[in-house]
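Undergrad: Predicted model follows, preceded by the sequence.
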Amino acid sequence: MCFTVIKVLILLGAITCAAATLIKLKTTVATYNRRLLSFARFSLSSWILWAVQCLILPAPWDPAPTGFFLDTGLWLSVMQNALWISAALSLHSKQFPRLSDRLPLFITFPIVLVLALGTYRVVVLTSAGFVWIEGFVTAVFFMILADSIWQWRLSRFYEAVFLIHGLTQWIWRALWFGPLTGRLSAIYWTYPVWRAVLLVAWIKLILAILHRAESSHREVRRTIDSLSLSKPLDTITLMIDATVEDLAEEREAAALSIRNLGLTEFRAEMFETPSQPLRNVYTFLAEECHIFILIIGERYGSAVEPDGISVVEFQYEAARRQNPGKVLIFVEDQVIREPQLQGFLNRIQEGEPRYINSFFTPEELYEEIQRGVAEWLNIHGSQLK
């Protein structure tokens, strides 16, 4: 009984810490958090299922689980891995985070399914083939998760912990059945210890990203607040120029970074009107904005007739003709660009390397844009008209 009470208290503390981390991430305005929030929600759901699993796991000195407890424990393992796969996809995929709006389904559905299917024997869960398939799939997605974490350029500790967890799934399955069940009590003690390490790594990962974003945001705010600008912040306009097909999330991050500084954003689609040719609208916005932000990813984009160049390049040329010094350029790293886009980027790099910045993730782009804008205002802010 004492062992169970201690276990419950520890699990409640772990889930509370995880939930507090999610709340902190949800309430921050320092960074673009759509992907991070999806990752945190899915993985928090996994932590909840892990807590339930730990509650039904017998003590090291008790017999190995059988019947309902065995089936339920195995299903909880499957659902935890499914949620971790979803968490990995939310960091790696640009579209997947939008599914997290349906998070309640991902919390209630596994629990209902576990309770329903745990009432009878599911032979496939205890088959060697299923264990190997599940272990392989989980390892692949944790490798994807480790790669996504690497893109934040943080400590390799976080990558290593999640990668090791993915590669050792078969060991934790041995808690429920297999040659190690009931024969190696050390594994019962290792399981909660390793999960505690994973939880600490998860919390520290999110807090490290938040700390870096918050520090960057505070530094940018201090820089801007110290400037003697000739115009109020909300009257300073920035235009975002980027292709929609491959940079939708990056455009969203860029817009949020601008709004959170109190500046005003322009995007061509906000002003499209049938009464004016689109090329006139593009030209007007590119010339009238104070700062022109060009984001380059993989696609060259659709062409503007009769010029024969993409909308992105057309707007860039219009802004550059009006004032080359107002153009800030952000280039996505580690992507394969279309030949026309690569040629466009090569022409840019030959003329204006000073204003080119690189980024890996939308979160990093958020920070880079804020720093770039603050630096630009520091140099040109007093000259704005």
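TA: Arrived safely.
Undergrad: all helices of the stretch 151-300 of the chain, in order?
TA: Applying DSSP state H, counting those that start in this stretch to the stretch 151-300 of the chain gives helices spanning 156-167, 169-173, 186-225, 244-259, 278-288.
Undergrad: how many neighbours does Val373 have?
TA: 24 (other Cβ atoms under 10 Å). Heads up, the C-betas are built off the backbone N, CA and C, glycines and all.
Undergrad: Pretty sure it sits against Leu261.
TA: Yes: using Cβ atoms under 8 Å, Val373 is in contact with Leu261, at 6.6 Å.
Undergrad: shared neighbours, the two?
TA: Common neighbours of Val373 and Leu261 (criterion: Cβ atoms under 8 Å, 6 or more residues apart in numbering): Val220.
Undergrad: how close does Tyr191 sit to Gln53?
TA: 10 Å (Cβ to Cβ, to the nearest Å).
Undergrad: So for those two, which sits in the more crowded spot?
TA: Set Tyr191 next to Gln53 and count neighbours by other Cβ under 10 Å: Gln53 wins out with 24 against 19.
Undergrad: what residues are up against the more buried one?
TA: For Gln53, the contacting residues are Gly73, Leu76, Ser77, Gln80, by Cβ under 8 Å, 6+ apart.
Undergrad: Export the residues you listed to JSON lines and append columns for distance to Asp246 and neighbour count.
TA: Shown next, in JSON lines, are those (distance: Cβ to Cβ, whole Å; neighbours: other Cβ atoms under 10 Å):
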{"residue": "Gly73", "distance to Asp246": "43", "neighbour count": "23"}
{"residue": "Leu76", "distance to Asp246": "38", "neighbour count": "25"}
{"residue": "Ser77", "distance to Asp246": "36", "neighbour count": "21"}
{"residue": "Gln80", "distance to Asp246": "33", "neighbour count": "23"}
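Undergrad: What is the most widely separated pair among those residues?
TA: Across these, the longest distance by Cβ to Cβ is 10.6 Å; it joins Gly73 and Gln80.
Undergrad: low-confidence ranges in this protein?
TA: Flagging of the chain using pLDDT under 70 yields the residue ranges 1-5, 7, 58-68, 70, 94-126, 128, 172-189, 267-277, 352-354, 385.
Undergrad: Which helix or strand contains the residue positioned nearest the centre of it?
TA: In the chain, the C-alpha nearest the mean C-alpha coordinate belongs to Arg35, at 3.0 Å (Cα atoms, centre = their mean). Taking DSSP states H and E as the definition, one finds Arg35 inside helix 34-56.
Undergrad: So the nearest residue to Leu198 once chain neighbours are set aside versus Gly135, what's the distance?
TA: Nearest residue to Leu198, sequence neighbours excluded (Cβ to Cβ, 6 or more residues apart in numbering): His165, at 5.5 Å. The gap separating His165 from Gly135 is 12 Å, by Cβ to Cβ.
Undergrad: And for Asp246?
TA: To Gly135, Asp246 is 34 Å away according to Cβ to Cβ.
Undergrad: which parts of the helix holding Arg35 are buried?
TA: 34-54 (16 or more other Cβ atoms under 10 Å).
Undergrad: what packs against the host helix or strand of Asn346?
TA: Taking DSSP H and E as the criterion, Asn346 maps to helix 339-351. Helix 339-351 sits against strand 291-296, strand 309-310, helix 311-322, with contacts defined as 3 or more Cβ pairs under 8 Å, 6 or more residues apart in numbering; DSSP states H and E.
Undergrad: What is the distance between it and the centre of its chain?
TA: Using Cα atoms, centre = their mean, to the nearest Å, the mean C-alpha position of helix 339-351 is found 29 Å from that of the whole chain.
Undergrad: Just the residues contacting the next helix-or-strand element following it, thanks.
TA: Later in the chain than helix 339-351, the nearest helix or strand by DSSP H and E is strand 356-359. Strand 356-359 is contacted from outside by Leu328, Ile329, Phe330, Val331, Glu332, Asp333, Ile348, Gln349, Leu365, Glu368, Gly372, using Cβ under 8 Å, 6+ apart.
Undergrad: Tell me the one among these nearest to Ala253.
TA: Nearest to Ala253 among these: Leu365, at 5.2 Å, using Cβ to Cβ.
Undergrad: hang on, that closest one packs against Ala254?
TA: Yes: when contacts are counted by Cβ under 8 Å, Leu365 is listed as touching Ala254 (6.4 Å).
Undergrad: what do those two both touch?
TA: Common neighbours of Leu365 and Ala254 (Cβ under 8 Å, 6+ apart) are Ile295, Phe330.
Undergrad: ok, and for the helix or strand hosting Tyr366, which residues are buried?
TA: Using DSSP H and E, Tyr366 maps to helix 362-380. Buried residues in helix 362-380, counted by 16+ other Cβ under 10 Å: 362-374, 376-377.
Undergrad: do the same with stretch 337-349
TA: Using 16+ other Cβ under 10 Å as the test for burial, stretch 337-349 gives Arg337, Glu338, Leu341, Phe344, Leu345, Ile348.
Undergrad: Then stretch 21-28?
TA: Thr21, Leu22, Leu25, Thr28.
Undergrad: Output these in TSV; the columns should cover distance to Leu198 and secondary structure.
TA: As requested, the buried residues of stretch 21-28 are exported to TSV (distance: Cβ to Cβ, whole Å; DSSP: H, G, I helix; E, B strand; the rest coil):
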residue	distance to Leu198	secondary structure
Thr21	13	helix
Leu22	16	helix
Leu25	18	helix
Thr28	23	coil
